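Student: Pasting the sequence and the predicted coordinates here, then a few questions.
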Amino acid sequence: MPLVSASSSLSPAPPTSGARTIYKYRVRVSDVSKILCHRHHNGTEEYLVRWNVAEGSATNKRTICSWHCLGELSKCLHHVQEYLETLPKSQPAASRSAPFATIPAVGSGSGSGSRKRKFSRDSDTPVSSSGVLTLRDSGYLSREPSVISIDSSSAASEAAPIQTPTVYNGILQRKEGSIVAKKSRDPAVQLTDARTLPNQAMLSDAARASVTAAEYAIQAAFQAKLQSVKNVEWENHVDNTAPSLNFTFVSDFVLGEGVYRPEADAHVGCETCRPNMGQNIGCEYPRLCACLEYAAVDENRLQPGDQARYVQYQKDQEDDGYLADSHGLPKRFPYQRSKDPQVPSTLMKFYLESRYPIYECNLNCNCGPICKSRVVQKGRRVPLVIFKTANERGWGVYCKEQLVKGEFIDTYIGEVLTNEATGRREMLSAEDRASYLYSLDKFIGDDPDNDLTNETCYVVDGQYMGGPTRFINHSCEPNCRQYTVSYNKHDLRIYDLAFFAVEDIPPRTELTFDYMDKDEEEEEIVRKKRKKDAADPKNHDKRPCNCGARKCRGYLWE
Ligand SMILES: C[S@@+](CC[C@H](N)C(=O)[O-])C[C@H]1O[C@@H](n2cnc3c(N)ncnc32)[C@H](O)[C@@H]1O
């Protein structure tokens, strides 16, 4: 039976500077395979790290584990966060004490008068310290008996014959990218069965030990990530968790391998428009603006002489969809602008109620920055808050201010991946995990000269990189909707996924959109379908929807 050392650590005192502990060496992210357990040792919260041992290296037969305080793990807190997510939620209060009071769920008017406690930097608790991990490219890596080594070759097999105990003295070294441990000659090192780590004794200790310091450290780390993001906050009045530390805020699409996007200076602009035409609002003439080449035709402005062209246009639409030739016909501008500069531009009723793509002006247009056809490209103006939902939907988003019907909120950004890269990611991820994939499939089938298909279109993945909209949840009766917005009418592969309010939304009301973008149906019809679907075993693997709407269809995806 393979045995491991499970003795306690004898940590050297950490170097200190004033009141705060300075950790000169930190565990590198790439060195950690997983966090296995936690404990309180000499008053310090510690985590059992399983080290990454390079595949195929001479040392990879031995997986090495060692206990570390949070100060040493500050570069790998996402591993600690992943570990905390595996802990039962019903842990005793001592283990999962809630620093924030639970308050009513966010909703229209629900919290307007209540003082909600928000996570702030003031509440950062310095992580506890109990030792320093000396981590260098060569040389000593850890303190003595806190190290455990497991002979993973035999640990993998239940039927493996009992082996000579493998005991190390806890001196970890890095050699050619691998972590290795030297053998222990210390008789005080106790031996423990290595086949299952954490072992029962460790689990019993863990059940009694709180994880509060880790929770605070993770909250502080997420808060630090938000520092550079303007007008976005987060709060949690439900439990002690923070959004994933594996997520990075970015401000634009991040192009993955094999993804091509034309540079902005290659976009075709409207050269005939001018900033000072007519009412001095940039583009104004619906027959003139070249950016509207593929925009929706405005039937209200058709002249008797347009009829033949319009009939031809309708025929072309059957083959070419949104790209039908509308040359010479009057088109619809996307936004209406109020005379009051305090009132935001809003999406025209026609676009709000249709799925027609929206075309904005671009860098190469002559209309200038005042043009009314520039809204989404100017970015988010409204203050958003990422908050923990109370009913198993993870994190959600609300706006701190009132939003008016047709107001732009923000775009969905993330890594833009090819279909193959997306497939590889899906293979690696657990089936029940949240999905952040958004296909850029709007123009499939619209251009006979273009080979755009479900297999060749790009996909936006907001799981690891994105903006606050990546946290917006689904509702079968949503208050927002996603629209296609393009600044480059000839690029059918990359465009903006822009969220607009489809109704007036009071402050602090959760923002939602329909992940399936379905048309609304009568409540009675939806209710009957839901009942039928629930009885069908085919649907039992589907992800249940917790939107709570009267017209809830029962599932997130078909
Ligand atoms: C784009 S993410 C939204 C943010 C997510 N709640 C989070 O915490 O990161 C989509 C995931 O959120 C969850 N979700 C969103 N809307 C939901 C709903 N109405 N009911 C249940 N789960 C929902 C599902 O796990 C879904 O895969």
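Tutor: Perfect, thanks for sending it.

Student: so which strand or helix has the spatially closest residue to Pro262 that is not a sequence neighbour?
Tutor: Nearest non-adjacent residue to Pro262, counting by CB to CB, 6 or more residues apart in numbering: Asp491, 5.9 Å away. Heads up, the C-betas are built off the backbone N, CA and C, glycines and all. Counting by DSSP states H and E, there is no helix or strand that carries Asp491.

Student: Return the distance of Asp491 relative to Arg550.
Tutor: Here Asp491 is placed at a distance of 40 Å from Arg550 (CB to CB, to the nearest Å).

Student: Then Leu288?
Tutor: Distance from Leu288 to Arg550, by CB to CB: 46 Å.

Student: Compare the two and say which one has the larger neighbour count.
Tutor: Set Leu288 next to Arg550 and count neighbours by other CB atoms under 10 Å: Leu288 wins out with 14 against 10.

Student: Backbone torsions only: list them for the residue nearest to Pro262.
Tutor: In terms of degrees, to the nearest 10, the main-chain angles of Asp491 are phi -100, psi 110.

Student: my guess is it meets Ala264, correct?
Tutor: No - when contacts are counted by CB atoms under 8 Å, Asp491 is not listed as touching Ala264 (10.8 Å).

Student: quick one: which of those two has more around it?
Tutor: A count of neighbours by other CB under 10 Å puts Asp491 above the other of Asp491 and Ala264, at 16 against 12.

Student: Might you list the low-confidence residue ranges for the protein?
Tutor: 1-26, 53-63, 90-196 (pLDDT under 70).

Student: from it, which residue is nearest to the ligand?
Tutor: Among the residues of the chain, Gly394 lies closest to the ligand, at 2.4 Å counting by CB to the nearest ligand atom.

Student: so who does that residue touch?
Tutor: The contact partners of Gly394, taken as CB atoms under 8 Å, 6 or more residues apart in numbering, are Lys388, Ala434, Phe471, Asn473.

Student: how deep is the last one tucked in, by neighbour count?
Tutor: Applying other CB under 10 Å, we find 21 residues neighbouring Asn473.

Student: cool, and the first one?
Tutor: Neighbourhood size, Lys388 [other CB under 10 Å]: 21.

Student: now the third one
Tutor: Other residues near Phe471 come to 25 when the count uses other CB under 10 Å.

Student: unless I'm mixing things up, it is touching Val397, no?
Tutor: Yes - using CB under 8 Å, Phe471 is in contact with Val397, at 5.0 Å.

Student: joint contacts of these two?
Tutor: Counting by CB under 8 Å, 6+ apart, the residues touching both Phe471 and Val397 are Ile386.

Student: top strand in this structure by residue count?
Tutor: strand 32-41 (DSSP state E).

Student: chain center to it: distance?
Tutor: 25 Å (CA atoms, centre = their mean, to the nearest Å).

Student: Next, the angle strand 32-41 makes with the helix or strand that comes right after it.
Tutor: Next helix or strand after strand 32-41 toward the C-terminus (DSSP H and E): strand 44-51. Put simply, strand 44-51 runs at 150 degrees to strand 32-41, going by axes from the mean of the first three to the mean of the last three CA atoms, to 10 degrees.

Student: Which neighbours in the sheet does strand 44-51 have, and how are they oriented?
Tutor: Using DSSP bridges, strand 44-51 pairs in its sheet with strand 32-41 (antiparallel), strand 62-69 (antiparallel).

Student: and among the ones you listed, the most buried is which?
Tutor: strand 62-69 (a mean of 26; mean count of other CB atoms under 10 Å).

Student: Mind listing what's buried along the very next helix or strand once past it?
Tutor: Downstream of strand 62-69, the next assigned helix or strand under DSSP H and E is helix 77-86. By neighbour count with 16 or more other CB atoms under 10 Å, helix 77-86 contains the buried residues Leu77, His78, His79, Val80, Gln81, Tyr83, Leu84.

Student: possible to save those as TSV with distance to the ligand?
Tutor: Formatted as TSV, these follow (distance: CB to the nearest ligand atom, whole Å):
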residue	distance to the ligand
Leu77	18
His78	14
His79	19
Val80	18
Gln81	13
Tyr83	18
Leu84	15
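
Student: and of those residues, the nearest to Asp449?
Tutor: Of all the buried residues of helix 77-86, His78 has the smallest distance to Asp449: 45.2 Å, by CB to CB.

Student: Find the nearest non-adjacent residue to that closest one, please.
Tutor: Leu245 (3.9 Å).

Student: need the strands for the stretch 301-450 of the chain, in chain order.
Tutor: 335-336, 346-347, 358-359, 384-388, 395-399, 408-411, 415-417, 437-439 (DSSP state E, counting those that start in this stretch).

Student: Please verify my assumption that Glu477 contacts Ala549.
Tutor: Yes - taking contacts as CB under 8 Å, Glu477 lies within contact range of Ala549: 3.8 Å.

Student: Among the strands of the stretch 301-450 of the chain, show me which one is buried the most.
Tutor: Of all those, strand 358-359 has the most neighbours on average by mean count of other CB under 10 Å, namely a mean of 26.

Student: so what secondary structure elements neighbour that one?
Tutor: strand 480-486 (3 or more CB pairs under 8 Å, 6 or more residues apart in numbering; DSSP states H and E).

Student: C-terminal to the strand it packs on, what's the next element?
Tutor: strand 496-501.

Student: hmm, back to that, quick one: the strands paired with strand 44-51 as a markdown table, columns for distance to Ser338 too.
Tutor: Output for those, formatted as a markdown table (distance: least, CB to CB, whole Å):
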| stretch | distance to Ser338 |
| --- | --- |
| strand 32-41 | 53 |
| strand 62-69 | 57 |
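
Student: Take the ones you listed and write them to TSV, including distance to the ligand.
Tutor: Below are the strands paired with strand 44-51 laid out as TSV (distance: least, CB to the nearest ligand atom, whole Å):
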stretch	distance to the ligand
strand 32-41	21
strand 62-69	28
